[in-house]
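Trainee: Coordinates for the following, if possible.
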Amino acid sequence: MINFNIFKSSKRKRTSKYIRQYGMTLKQIAGKLNVAISTIHYWFKDPEKREWLEKQLKGIK
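Mentor: Numbering: from 1, shown residues only. Coordinates of the predicted model:
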């Protein structure tokens, strides 16, 4: 018997790294800073922007 469940998309069972690190989803972070989600991804890749972003997130919590 073939198991076709492997072809279905499954929902993640674990929390995202943003929730673990900052207590907010990526969508919530983007909403609080009034920017797009893709912008947040870009900022986390850039070391200077990441440092600035982490300071902003500490102020929001």
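Trainee: Please identify the buried residues of the longest helix along the chain?
Mentor: If you go by DSSP state H, the chain has its longest helix at helix 47-60. Neighbour counts over helix 47-60 (16 or more other CB atoms under 10 Å) mark L53, L57 as buried. In short, each C-beta sits where N, CA and C put it, glycine included.
Trainee: which other helices and strands contact it?
Mentor: Under the contact criterion of 3 or more CB pairs under 8 Å, 6 or more residues apart in numbering; DSSP states H and E, helix 47-60 touches helix 26-33, helix 37-45.
Trainee: could you check the angle helix 47-60 makes with the shortest one?
Mentor: Orientation check (axes from the mean of the first three to the mean of the last three CA atoms, to 10 degrees): helix 26-33 against helix 47-60 gives 80 degrees.
Trainee: How about the last one?
Mentor: Between the axes of helix 37-45 and helix 47-60, defined by the same axes, to 10 degrees, the angle is 110 degrees.
Trainee: what's in contact with helix 37-45?
Mentor: L26, K27, I29, A30, L33, K49, R50, W52, L53 (CB atoms under 8 Å, 6 or more residues apart in numbering).
Trainee: please redo it, this time with the cut-off set to 6 Å
Mentor: By CB atoms under 6 Å, 6 or more residues apart in numbering, the residues outside helix 37-45 that reach it are L26, I29, A30, K49, R50, L53.
Trainee: now do stretch 53-61
Mentor: Contacts for stretch 53-61 (CB under 6 Å, 6+ apart): Y22, K32, W43.
Trainee: Now a PyMOL select for only the buried ones of the residues you listed.
Mentor: Entered in PyMOL, the line below selects the buried ones among the contacts of stretch 53-61, by 16+ other CB under 10 Å:
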select buried, resi 22+43
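Trainee: Just give me the residue right at the centre of this structure.
Mentor: L26 (3.3 Å; CA atoms, centre = their mean).
Trainee: All set now, cheers.
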